[in-house]
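> Next input, structure requested:
(one chain, ligands or ions: 1)
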Amino acid sequence: MLDFLRECMRKHEPVDIGKLAFAVALNQMSNTCLSQNVTSYESDDIGGFKTAVKTLMEVDGKFNIADIFPVLKPLDPQNIRRQAKAAYDWFDKVTEGFISERLKHRESKLPRFGDMLDSLLDYSLDNEADFSLVHIKTLLVDLFLAGTETSSNTTEWAMTELLLNPDMFSKVREEVSAIVGEDGKIQEAKILDLPYLNAVIKETMRLHLSVPLLVPHKTETEVKLGDYVVPKNTQILVNAWAMARDPSYWEDPVMFKPERFLGNEIDYKGQHFEFIPFGSGRRMCPGIPLAHRVVSLMVASFVYHFEWKLPHAREDMDMNDIFGLTLLRATPLVATPLPVA
Ligand code: HEM
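Here you go, the predicted structure:
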């Protein structure tokens, strides 16, 4: 990532920060699962991944009239099922390719990668009836979907706020400088110990909640909640976005103020219900440690290694978002990296 940004700096080329963060988050995930990069920033549409993820986040977040009138289901009047199917088919094909490539590699008796895919295949060999290649494929697709746009989107919003607030940008840089080793590299192991950076990430997740209504849940039994009785099989949407802006919990709720997270214990691990960007309870996000690390490292790297020039005045920054399962910036954040003075 840094080499690419230095090249852009040399050529005075602007960078689509969200797209770059998406490519980095995707490769980070593919390296964990498959020990390989699956894309690069230059590749068109991030090798097809970006469109597939975007389509699924858009259609999964749409109000589907067929949920209210099931008789309409076969007609798919909003084209939701057809679009989702095309994107899932694309993902299935790509993921099947990764798995069959690995199976060939294992047959050839070359050294193992020892990564997540190898572990899943080992487990599947011993438990084929319960855990087949289809399960592995589904799990990989889930991880690629759940762990890419969420992380890149949070990074893009954090950078948007920092570029709009130069004092905050400088504070983050100053803090990160303290954990740069003699080789000039940010020491990853120390990245989570930076209180101000941490506060910036939390405040970004509060104000620009990546998954505003969390993932839809369904009651397995009838549930009593206060004075309400929720029948079995009801679809539940939790408006975490509204909770994170509720003025009875937050002072100046629509202002970006990382300081609100300094000197207190409020975090996103599902115990502070006014702030649940990763959900809460049994089905909350299992990717929190990874997400926190990846987003922190990207933001720290962008801020520490470069100055950034926007193509417009700060006041002209478009702060609108597009609603879907994830809350994306309506206008991609584009800026040109410059050398640090
Ligand atoms: C900033 C980044 C991320 C955000 C904001 C985020 C947010 C969420 C949210 C809100 C949910 C639904 C929770 C609920 O409905 O109660 C979820 C589920 C999930 N997330 Fe994340 N996530 C992020 C990154 C990741 C990463 C990096 C991974 C992969 C390692 C991941 C894997 C998952 C999975 C597998 C689920 C489904 C869990 C289940 O249904 O049991 N997420 N995430």
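
> Buried residues of the helix or strand harbouring residue 102, list them for me.
Assigned by DSSP states H and E, residue 102 belongs to helix 80-107. For helix 80-107, a neighbour-count test (16 or more other Cβ atoms under 10 Å) marks 80-81, 83-84, 87-88, 90-91, 94-95, 98-99, 102, 106 as buried. C-beta coordinates here come from the backbone N, C-alpha and C atoms, glycine included.

> if you average pLDDT over that helix, what comes out?
Averaging pLDDT along helix 80-107 yields 93.

> returning to that earlier point: and of the buried residues of helix 80-107, the nearest to residue 30?
Closest to residue 30 out of the buried residues of helix 80-107 is residue 98 (8.3 Å), distances taken as Cβ to Cβ.

> I'd guessed the closest one sits against residue 139; true?
No: assessed by Cβ atoms under 8 Å, residue 98 is found out of contact with residue 139, at 12.0 Å.

> which parts of the stretch 151-300 of the chain sit against the ligand?
Proximity of the stretch 151-300 of the chain to the ligand, by Cβ under 6 Å from any ligand atom, involves residues 151, 154, 210-211, 214-215, 277-279, 283-287, 290-291, 295.

> what do you get if the cut-off is 5 Å, keeping everything else the same?
Proximity of the stretch 151-300 of the chain to the ligand (Cβ under 5 Å from any ligand atom) is limited to residues 151, 154, 210-211, 214-215, 277-279, 283-285, 287, 290-291.

> cool, the stretch 1-150 of the chain as well?
Contact residues (Cβ under 5 Å from any ligand atom) of the stretch 1-150 of the chain with the ligand: 146-147, 150.

> mind listing what's buried in the next helix or strand after the helix holding residue 102?
The helix or strand immediately downstream of helix 80-107 is helix 116-126, counting by DSSP H and E. Using 16+ other Cβ under 10 Å as the test for burial, helix 116-126 gives 116-118, 120-121, 124.

> next helix or strand past helix 116-126?
Assigned by DSSP H and E, the successor of helix 116-126 is helix 133-147.

> Low-confidence ranges, the protein, go.
45 (pLDDT under 70).

> centroid residue for it?
residue 150 (1.7 Å; Cα atoms, centre = their mean).

> Spit out the contact partners of that one.
210-211, 287, 291, 326 (Cβ atoms under 8 Å, 6 or more residues apart in numbering).

> what about dumping the CA coordinates of the host helix or strand of it to PDB?
Following DSSP H and E, one finds residue 150 within helix 149-164. Provided in PDB are the C-alpha atoms of helix 149-164 (Å, rounded to 0.1, in the frame of the first residue of the first chain):
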ATOM      1  CA  GLU A 149     -16.500  -3.100   2.800                       C
ATOM      2  CA  THR A 150     -17.200  -2.700   6.500                       C
ATOM      3  CA  SER A 151     -13.500  -2.100   7.200                       C
ATOM      4  CA  SER A 152     -12.800   0.000   4.100                       C
ATOM      5  CA  ASN A 153     -15.900   2.100   4.600                       C
ATOM      6  CA  THR A 154     -14.900   2.900   8.200                       C
ATOM      7  CA  THR A 155     -11.400   3.800   7.100                       C
ATOM      8  CA  GLU A 156     -12.700   6.100   4.400                       C
ATOM      9  CA  TRP A 157     -15.000   7.900   6.800                       C
ATOM     10  CA  ALA A 158     -12.200   8.200   9.400                       C
ATOM     11  CA  MET A 159     -10.000   9.800   6.800                       C
ATOM     12  CA  THR A 160     -12.800  12.100   5.700                       C
ATOM     13  CA  GLU A 161     -13.200  13.400   9.200                       C
ATOM     14  CA  LEU A 162      -9.400  13.800   9.700                       C
ATOM     15  CA  LEU A 163      -9.000  15.700   6.500                       C
ATOM     16  CA  LEU A 164     -11.800  18.000   7.500                       C
END
